[in-house]
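# need the 3D shape of this:
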Amino acid sequence: MRGNIKTASAVASQALRAAAVPFTFDFARVKSYDGDKSTGYLKEIMLDLDSLSGRDVLLVEDVVDTGTTMAMLLPKIQAVARSVKVVSLLEKRTAKSNGLRAHYVGFSIPD
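Residues are numbered from 1 along each chain as shown. Model prediction:
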């Protein structure tokens, strides 16, 4: 999905303004789409998993669509992090969804 880093960083910056705890901010590049079609596997992961070891992680996503990308990414992060939560500005409720739900959602939208 193009532009998701910019959108997700805008969502994260708004959410983190209210944070009363120290935090670090980083980006991950994860790709499971080829054009507008899901491949069903992670084609690309640019994320330093070692930097997440023993930490509480908040994954910020712009849109959770089918949930496929997040479902493949979460176990990799959960294997090293102390805890993982997902926040998404938008969450599509579609028949294509694998049932993965973000812990915190701004808006649910139709497909």
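
# burial of the residue lying closest to Ser83 once chain neighbours are set aside, as a residue count?
Of all residues not flanking Ser83 in the chain, Asp56 sits nearest, at 4.7 Å (Cβ to Cβ, 6 or more residues apart in numbering). Heads up, the C-betas are built off the backbone N, CA and C, glycines and all. Neighbourhood size, Asp56 [other Cβ atoms under 10 Å]: 12.

# please, which helix or strand holds Lys85?
Lys85 belongs to strand 83-92 when elements are defined using DSSP states H and E.

# neighbouring contacts of that strand?
By Cβ atoms under 8 Å, 6 or more residues apart in numbering, the list of residues contacting strand 83-92 from outside reads 7-8, 11, 15, 56-66, 70, 74, 77-78, 101-111.

# quick one, which of those are buried?
Buried residues within the contacts of strand 83-92, counting neighbours by 16 or more other Cβ atoms under 10 Å: 7-8, 11, 57-62, 64-66, 70, 74, 77, 102, 105.

# picking that back up, can you pull the contacts of the residue nearest to Ser83?
If you count contacts by Cβ under 8 Å, 6+ apart, then Asp56 has 81-84 around it.

# just flag the most distant two among those residues.
When the contacts of Asp56 are compared pair by pair using Cβ to Cβ, the farthest-apart members prove to be Arg82 and Val84, with a separation of 8.5 Å.
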